[in-house]
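A.B. asks: After the sequence you'll find the predicted model.
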Amino acid sequence: MNKLPNAELVMIPGGTLITKTPEEGRQLAMLIARHTIHNIQNDLDELKQGRSVYSVNPDSLTAASQVVALEYQTIAAANNYWRDQ
């Protein structure tokens, strides 16, 4: 098995949901979504094989976008919607 390094299997990169800006929050949401996928499928070869199928499937892309949106919603709440800016 071509396994991902343990550093890629961290669920919350950096150990916090707190970000300085909404843009950083969005980037963190995407990173968390990727880490979630890596934890579900940590075999790089299997992960790459499936990419050719889901990367062109509108339903798969919509589902991935929904996961990122949910992660972003959580991060935004953790940051009090960046009211202190």
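C.D. replies: Done, it's in.
A.B. asks: So for the protein, the centremost residue is which one?
C.D. replies: Residue closest to the average C-alpha location in the chain (CA atoms, centre = their mean): residue 33, at 1.6 Å.
A.B. asks: Next one: residue 61, what pLDDT does it get?
C.D. replies: On pLDDT, residue 61 comes in at 94.
A.B. asks: returning to that earlier point: what separation do you get for the residue nearest to the centre of the chain and residue 1?
C.D. replies: Separation of residue 33 from residue 1 (CB to CB, to the nearest Å): 23 Å. To be clear about C-beta, it is placed using only N, CA and C from the backbone, and glycine gets the same treatment.
A.B. asks: And the helices in the protein?
C.D. replies: Listed in chain order, the helices of the chain (DSSP state H) span 22-40, 44-54, 58-78.
A.B. asks: and those, which one's lowest on average pLDDT?
C.D. replies: Among those, helix 44-54 carries the lowest mean pLDDT (a mean of 90).
A.B. asks: Now do that helix against helix 22-40, angle only.
C.D. replies: Counting by axes from the mean of the first three to the mean of the last three CA atoms, to 10 degrees, helix 44-54 lies at 120 degrees to helix 22-40.
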